[in-house]
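Participant: Starting from these lines, generate the structure:
(4 chains)
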2 protein chains.
Amino acid sequence: MSRETPARGRRPKRGRTRQALMDAALDLVARKAPFSSLSLREVTKRAGVVPTAFYRHFPDMSALGLTLLDESFRTLRQMMREVRQQELPNERMIRGSMETFFTYVRNNRTHFLFVSKELYGGSATMRQAIRREIRLFVSELAMDMARFPFLVQVSAEDLQMMASLVVNSVVALTQEMLELDEDDEAGQREMLILAEKQVRLIYFGVAQWRSETGAPA
Amino acid sequence: MSRETPARGRRPKRGRTRQALMDAALDLVARKAPFSSLSLREVTKRAGVVPTAFYRHFPDMSALGLTLLDESFRTLRQMMREVRQQELPNERMIRGSMETFFTYVRNNRTHFLFVSKELYGGSATMRQAIRREIRLFVSELAMDMARFPFLVQVSAEDLQMMASLVVNSVVALTQEMLELDEDDEAGQREMLILAEKQVRLIYFGVAQWRSETGAPA
DNA sequence: AATATTTGTGAACACGTGTTGACTGAAAAT
DNA sequence: ATTTTCAGTCAACACGTGTTCACAAATATT
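Facilitator: Residues are numbered from 1 along each chain as shown, chains lettered A, B, ... in the order given. Predicted coordinates for the structure are as follows:
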């Protein structure tokens, strides 16, 4: 072809390197160790690139990590927002949100393996960034719940508490699901059923919630 | 023979190195990085000991890790069992279990910082070991709940599901609590109140639970 | 067509890593 | 009192690490 200078085979990398580095990192995370204990050289080697090429795209490893984190949540946020804007009433929206969330996680398995391992094992700034994303989901869910007719006079604080209970549970089950083999279809389905049951259970409790005294109806 | 040899009892009078290694590891975890990304030399340096001394006590780092893990849960299991054996009825036992758990975590902060970071970021065997401990709590809680009068005819599967919801929530809040500063008394109290509220909320839901169809009363 | 700017290469550095082996003093066992 | 076992040190190794610098090829700009 037109573009082949022999010498020592070193051509087809042009431009693709940045993405190759990100892919390599996720690949290593999925099969080896958490991102925070990956080495720069390890990543470049998997990407088929010389170590120094890394610096052309990221100042250091933690910058790569934050980019990966952003990539993990950017389109998820958008999808969840679309679900919310359908203005489905009450529990239907919850159900819809959960389904889109789980299928998204499933289609981006390596990304969330990365996130799961960094949530508590990563650097301070990484942990903070992830928890900020999670808190965002909690707040949005709380806003949705505020429109539930039977929750209309529950304090904002209690709404936040309920929403965080739901989100924490979903996160925990997501992490458990990620521990399963990728092709364990049965296990994954089981996990999703479990998640739905748990959220339903929580909503039974929510429906019974009255005042801040915590006394049931 | 011997004037003071108590059968096969205590040997290490001067050998305090083993404990020093464990303390050093926990210290580093609390202030730096997850255990899984600590180096052997780092630990021995902090312990004030030469690197090769490590091998007199542990074959490798992962052995140290498993020892630390056992130390974290051994006495906790015992305490929780004692609470259970008081045979307190219904919700009182739950409340008691939660209180002893949280105060125990608080008194062993570094141990559970270690556990928290390894739960999803550690090696495969480490993760498995921790999740086994957690599942144990779930099973015991499910057994306790089975004796609740209003849950007497709930399927074992659903009991497991409810118990795992409670435990997962407590674990999540514990991890969040561990992210706070050690001397943030207010934050810690707040966290505990939040935890109690969430568990109470779940129990409202549990009380409403009927059949596997999931239809409320 | 000539020049400038990206983008990847290769060699080199100073250092931290796990693990080995031989050695030593102190305690335990005889 | 003598021997054996334990628990620590010290030196050395082969290797992986992050980062630097000068250089060359591919692309963009003129």
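
Participant: Give me the pLDDT value at the residue in chain A positioned nearest to chain B.
Facilitator: When CB to the nearest CB is the measure, chain A has its nearest residue to chain B at residue A:121, with 2.7 Å between them. (Glycine included, C-beta is placed from N, CA and C.) Model confidence at residue A:121, expressed as pLDDT, equals 97.

Participant: what's around it, how many residues?
Facilitator: Here the number of neighbours of residue A:121 (other CB atoms under 10 Å in any protein chain shown) works out to 26.

Participant: which residues does it contact?
Facilitator: A:34, A:36, B:34, B:36, B:117-118, B:120-122 (CB atoms under 8 Å, 6 or more residues apart in numbering or on different chains).

Participant: can you check residue A:118 too?
Facilitator: Listed by CB under 8 Å, 6+ apart, the contact partners of residue A:118 are A:34-36, A:65, A:69, A:126-127, A:130, B:121.

Participant: For the worst-scoring helix or strand of chain A on mean pLDDT, which residues meet the burial criterion?
Facilitator: Across the helices and strands of chain A, the lowest-confidence element by mean pLDDT, DSSP states H and E is helix A:90-107, at a mean of 88. Within helix A:90-107, the residues scored as buried using 16 or more other CB atoms under 10 Å in any protein chain shown are A:93-94, A:96-98, A:101-102, A:104-105.

Participant: so, if you compare those residues, which one comes nearest to DNA strand C?
Facilitator: Proximity to DNA strand C was ranked across those by CB to the nearest atom of the strand; first place goes to residue A:104, at 29.5 Å.

Participant: does the nearest residue to the closest one once chain neighbours are set aside belong to a helix or a strand, and which?
Facilitator: On the basis of CB to CB, 6 or more residues apart in numbering or on different chains, the spatially nearest residue to residue A:104 that is not a chain neighbour turns out to be residue A:76, at 5.5 Å. Assigned by DSSP states H and E, residue A:76 belongs to helix A:61-85.

Participant: so that helix versus helix A:90-107, what angle?
Facilitator: With axes from the mean of the first three to the mean of the last three CA atoms, to 10 degrees as the basis, helix A:61-85 and helix A:90-107 are set at 150 degrees to each other.

Participant: helices and strands around helix A:61-85, which ones?
Facilitator: Packing contacts for helix A:61-85, counted by 3 or more CB pairs under 8 Å, 6 or more residues apart in numbering or on different chains; DSSP states H and E, involve helix A:17-31, helix A:40-46, helix A:90-107, helix A:109-121, helix A:124-145.

Participant: wait, does the shortest one make contact with DNA strand D?
Facilitator: Yes. Applying CB under 7 Å from any atom of the strand, one finds helix A:40-46 in contact with DNA strand D at A:40-42, A:45.

Participant: Could you list the contact residues of chain A toward chain B?
Facilitator: Among all residues of chain A, those adjacent to chain B (criterion: CB under 8 Å from any CB of the partner chain) are A:33-34, A:36-37, A:116-122, A:127, A:131, A:158, A:161-162, A:164-165, A:168-169, A:171-173, A:175, A:179, A:194, A:197-198, A:200-209, A:214, A:216.

Participant: Residue A:128: neighbouring residues, count only.
Facilitator: Residue A:128 - counted by other CB under 10 Å - has 11 other residues nearby.

Participant: Which residues are in contact with the residue most central in space within chain A?
Facilitator: Residue closest to the mean C-alpha point of chain A, counted by CA atoms, centre = their mean, is residue A:112 at 4.9 Å. Applying CB under 8 Å, 6+ apart to residue A:112 gives the contacts A:72, A:105, A:174, A:178.

Participant: Give me the angle between whichever strand or helix holds the last one and helix A:17-31.
Facilitator: This points to residue A:178. When secondary structure is defined using DSSP H and E, the element that contains residue A:178 is helix A:156-179. Using the same axes, to 10 degrees, the direction of helix A:156-179 lies 80 degrees away from that of helix A:17-31.

Participant: Which secondary structure elements does helix A:156-179 sit against?
Facilitator: Contact analysis of helix A:156-179 by 3+ CB pairs under 8 Å, 6+ apart lists helix A:90-107, helix A:109-121, helix A:124-145, helix A:185-208, helix B:156-179, helix B:185-208 as its packing neighbours.

Participant: Pull out the buried residues from it.
Facilitator: Residues A:158-179 are the ones in helix A:156-179 that count as buried (16+ other CB under 10 Å).

Participant: average model confidence for it?
Facilitator: Predicted confidence along helix A:156-179 averages 97 (mean pLDDT).

Participant: Please export the C-alpha coordinates of it as CSV.
Facilitator: These are the backbone C-alpha positions of helix A:156-179, laid out as CSV (Å, rounded to 0.1, in the frame of the first residue of the first chain):
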residue,chain,number,x,y,z
ALA,A,156,-36.2,16.2,52.7
GLU,A,157,-33.8,14.6,55.1
ASP,A,158,-35.8,11.4,55.3
LEU,A,159,-36.2,11.3,51.5
GLN,A,160,-32.4,11.5,51.2
MET,A,161,-32.1,8.7,53.6
MET,A,162,-34.5,6.5,51.7
ALA,A,163,-32.9,7.2,48.4
SER,A,164,-29.5,6.5,49.8
LEU,A,165,-30.7,3.2,51.1
VAL,A,166,-32.0,2.2,47.6
VAL,A,167,-28.9,3.4,45.8
ASN,A,168,-26.5,1.7,48.3
SER,A,169,-28.4,-1.6,47.9
VAL,A,170,-28.2,-1.4,44.2
VAL,A,171,-24.5,-0.6,44.3
ALA,A,172,-23.8,-3.5,46.6
LEU,A,173,-25.6,-5.9,44.4
THR,A,174,-23.9,-4.5,41.4
GLN,A,175,-20.6,-5.2,43.0
GLU,A,176,-21.6,-8.7,43.8
MET,A,177,-22.8,-9.2,40.3
LEU,A,178,-19.5,-8.1,38.9
GLU,A,179,-17.8,-10.9,41.0
